[in-house]
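Colleague: give me a 3D structure for the following:
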Amino acid sequence: MNVVLGLMSTLIIYQLAKRLYQQSACLLLSPLLVCPVVIIVALQLLHVSYETYNAGGQLLSYMLQPATVALAVPLYRYRSVIKEHLLEIVLYVSAGAVVAIVTSVGAAGLAGLPVQVADSLAPRSVTTPIAMNISQIVGGNPALTAAFVIITGLVGTVFASLALKYLSIENPVTRGMMLGISAHGTGMSKAHELGYLEGASASLAMIFMGLITAFIAPGLVPVCLKLFGGTYV
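Modeller: Next comes the predicted model:
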């Protein structure tokens, strides 16, 4: 019974939050933010333990890994965009992946945060299912990484949108890749609101960001820790 309640309550709250976001178009009402807040408040008010809720909620976490396979769909759907802009995508995303890892681990190290926190921050610019796997590989905490991913998505979408507006960036491929690289799934959703090519570019940027980060993170994260330090606890 706990399994069914945990699973169904999460799905229902998420769908309601999604409708609210679609009607308001306010980033602060994103289901990625509203859903966990509502669940936490509900658990506190109803005096339900996290373990009881998570008996069903964890099923969604298990589904994240097979959900990664679904990323092949946009690769096929936007194959014409890949053929035309492959070099741009690879160059921009590679630069974005390196910068994201170096700045994340570097900032954590310079701030004297524990090494596990730095490791958990490293894949923050990657979509959740891939980020959690990368986090586990480099020694981070997947649950902590998931929280960092959500924060990055929300903040990245805000700043990328402002950059597009005030820097007057008109190239649709560049616009889409900025959102996909800086804010993964949340940025991709925003990019689809701007147009087909923006959405396609953001989708591809998000996927390539995951692939490239997964490839370079195991080697780059230890190097960054040596350069910037970190606290072992």
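Colleague: which parts of stretch 185-202 are buried?
Modeller: Using 16 or more other C-beta atoms under 10 Å as the test for burial, stretch 185-202 gives 185-192, 194, 197-202. C-beta: built from backbone N, CA, C; applies to glycine.
Colleague: quick one: mean pLDDT for that stretch?
Modeller: The average pLDDT for stretch 185-202 rounds to 86.
Colleague: ok now the lowest-mean-pLDDT helix or strand in the chain, how far from the chain's centre?
Modeller: In the chain, the helix or strand scored least confidently by mean pLDDT, DSSP states H and E is helix 50-67, which has a mean of 74. Distance, stretch centre to chain centre, for helix 50-67: 18 Å (C-alpha atoms, centre = their mean, to the nearest Å).
Colleague: could I get the phi/psi values of residue 112?
Modeller: phi 80, psi 20 (degrees, to the nearest 10).
Colleague: which pLDDT does the model give it?
Modeller: 88.
Colleague: with the one 4 residues further on instead?
Modeller: The predicted structure scores residue 116 at 92 on the pLDDT scale.
Colleague: just the element for residue 149, please.
Modeller: Element membership for residue 149 (DSSP states H and E) is helix 142-166.
Colleague: can you list the residues that contact the helix or strand that comes right after that helix?
Modeller: Sequence-wise, the next helix or strand downstream of helix 142-166 (DSSP H and E) is helix 172-194. For helix 172-194, contacts defined as C-beta atoms under 8 Å, 6 or more residues apart in numbering pick out 30, 32, 81, 85, 88-89, 92-93, 96, 100, 125-128, 149, 152-157, 159-161, 163-164, 169, 195, 197-206, 209.
Colleague: mind giving me the ChimeraX select for those residues, buried ones only?
Modeller: Restricted to buried positions by 16+ other C-beta under 10 Å, the ChimeraX selection for those reads:
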select :30,32,81,85,89,92,93,96,100,125,126,127,128,149,152,153,154,156,157,160,161,164,197,198,199,200,201,202,203,204,205,206,209
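Colleague: hmm, back to that, other residues contacting the least confident helix or strand of the chain?
Modeller: Contacts with helix 50-67, where a contact means C-beta under 8 Å, 6+ apart, come from 2-10, 39, 43, 128-129, 132-133.
Colleague: same question for that helix: list its buried residues.
Modeller: Of all the residues in helix 50-67, those buried under the rule 16+ other C-beta under 10 Å are 52, 53, 54, 55, 56, 57, 64.
Colleague: including distance to residue 119, could the residues you listed go into a markdown table?
Modeller: A markdown table is the format used below for the buried residues of helix 50-67 (distance: C-beta to C-beta, whole Å):
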| residue | distance to residue 119 |
| --- | --- |
| 52 | 30 |
| 53 | 27 |
| 54 | 23 |
| 55 | 28 |
| 56 | 29 |
| 57 | 24 |
| 64 | 19 |
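Colleague: most neighbours, which of the contacts of helix 50-67?
Modeller: In terms of neighbours by other C-beta atoms under 10 Å, the contacts of helix 50-67 top out with residue 132 at 25 neighbours.
Colleague: got the angle between the helix or strand hosting that one and helix 172-194?
Modeller: Residue 132 belongs to helix 128-138 when assigned by DSSP H and E. On the basis of axes from the mean of the first three to the mean of the last three C-alpha atoms, to 10 degrees, helix 128-138 is oriented at 120 degrees to helix 172-194.
Colleague: kind regards, and thank you for your time.
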